[in-house]
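[1] fold the following.
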Amino acid sequence: MCAVSYLNTVPLIWGFEHTALGEQVRLEYALPSECADRIRDGAGDIGILPVIEIEQQRLEWLRGVGIACRGPVRSILLISKVALPQVRTLAADIGSRTSVMLARILLAERYQAEPLILPMHADLDAMLAKADAALIIGDPALHLDLDALRRRCEVVDLGDEWMRHTGLPMIFALWAGPGERLRPGIEDLFVQSCRYGLAHLDDIVRQECPRRGIPESLGRQYLTRHIVSLLDEHDYEGMRVYLRRARDLANLRVSGSVSA
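    Numbering: from 1, shown residues only. Next up, the predicted model:
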């Protein structure tokens, strides 16, 4: 089983790591994009995968838990040194796939911008040296000083921007895998692990934030006010809208390239 190495995943796996639930799985850790590649290559049965990859690989996903937001998410940031309608190049964190598509959707629909995507490691200065804007996700985004950044750049929280644009939540990742590897009743294990994690957030913050270089106050705020782990039907409606718009954007690009 492949789990994402970011703080936002820790509540989902806390029960697997700290209770007898862990006897039923073998955990490995990677970036979101790497988890998706491992499932595609058959190196894992289940992973916490970007929803865009679940769609593209035609995988089955587990209901009940995931990584989502219902407003500002704090860890998915678009940082631009130019006005957003003028963004022509976007340096994107190589760990991201769902967030890259989210940035493309919002830039196209809200600002009529369709930038060239430049995959890069999460180094903001290097990214902005190469591109008009940068997309930073996960723990690297939590390391950024937003007040200082806003004095020199435009900073957009993509969870907040999506909610303002659609009025809907945003799901970034779900547990998923090939249907034949998802045995009956397995969803309950993942819900139990998550509920255990949410009941032990103080332990998570105390143990995980210092080793990640994240202030405990920010980590607690992030996990309690920004990240949503237990999902409901409204969250899934946001995901359906996101995937529909991703398909529409992809189709428009294909049509445009053919007509050109």
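[2] could you check how far A20 is from L182?
    21 Å (Cβ to Cβ, to the nearest Å). Backbone N, C-alpha and C define where each C-beta goes, glycine included.
[3] the two - which one has more neighbours?
    L182 (18 against 8; other Cβ atoms under 10 Å).
[4] can you map out the strands along the stretch 51-200 of the chain?
    60-69, 76-80, 89-93, 116-120, 133-137, 154-157, 170-177 (DSSP state E, counting those that start in this stretch).
[5] quick check: mean pLDDT of the fifth one?
    Mean pLDDT, strand 133-137: 97.
[6] repeat for stretch 46-66
    93.
[7] next one: stretch 248-256
    Averaging pLDDT residue by residue across stretch 248-256 gives 66.
[8] residue ranges in this structure under the pLDDT threshold?
    252-260 (pLDDT under 70).
[9] tell me how it divides into domains.
    As assigned by automatic domain parsing, the chain contains the domains 2-68+171-234, 76-168.
[10] of all the ones you listed, which lies closest to A246?
    Nearest of the domains of the chain to A246, taken as Cβ to Cβ: domain 76-168 at 5.0 Å.
[11] and that closest one, end to end?
    Here the two ends of domain 76-168 are set 16 Å apart, with distance taken as Cα to Cα, to the nearest Å.
[12] show residues contacting stretch 174-187.
    Stretch 174-187 is contacted from outside by 12, 39, 44-49, 51, 54, 59-67, 190, using Cβ atoms under 8 Å, 6 or more residues apart in numbering.
[13] what's the longest helix in this protein?
    Of all the elements of type helix in the chain, the one with the most residues (DSSP state H) is helix 233-259.
[14] by contact count, what packs against that helix?
    Packing partners of helix 233-259 (3 or more Cβ pairs under 8 Å, 6 or more residues apart in numbering; DSSP states H and E): helix 51-57, strand 60-69, helix 98-111, helix 158-166, strand 170-177.
[15] centre of the chain versus that helix, how much separation?
    The chain centroid and the centroid of helix 233-259 are separated by 17 Å under Cα atoms, centre = their mean, to the nearest Å.
[16] residues of it that come out buried?
    By neighbour count on 16 or more other Cβ atoms under 10 Å, the buried set for helix 233-259 is 235-236, 238-239, 241-243, 245-246, 249.
[17] same thing with stretch 116-136?
    Within stretch 116-136, the residues that count as buried by 16+ other Cβ under 10 Å are 117, 120, 122, 124, 127-128, 131-136.
[18] just those residues now: which is nearest Y222?
    I136 (14.4 Å).
[19] list the contacts for the closest one?
    Contacts of I136 by Cβ under 8 Å, 6+ apart are 77, 79, 93, 122, 124, 127, 144.
[20] now distance to A113 too, for these, in JSON lines please.
    Below are those laid out as JSON lines (distance: Cβ to Cβ, whole Å):
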{"residue": "L77", "distance to A113": "17"}
{"residue": "I79", "distance to A113": "14"}
{"residue": "D93", "distance to A113": "18"}
{"residue": "A122", "distance to A113": "22"}
{"residue": "L124", "distance to A113": "20"}
{"residue": "M127", "distance to A113": "17"}
{"residue": "L144", "distance to A113": "22"}
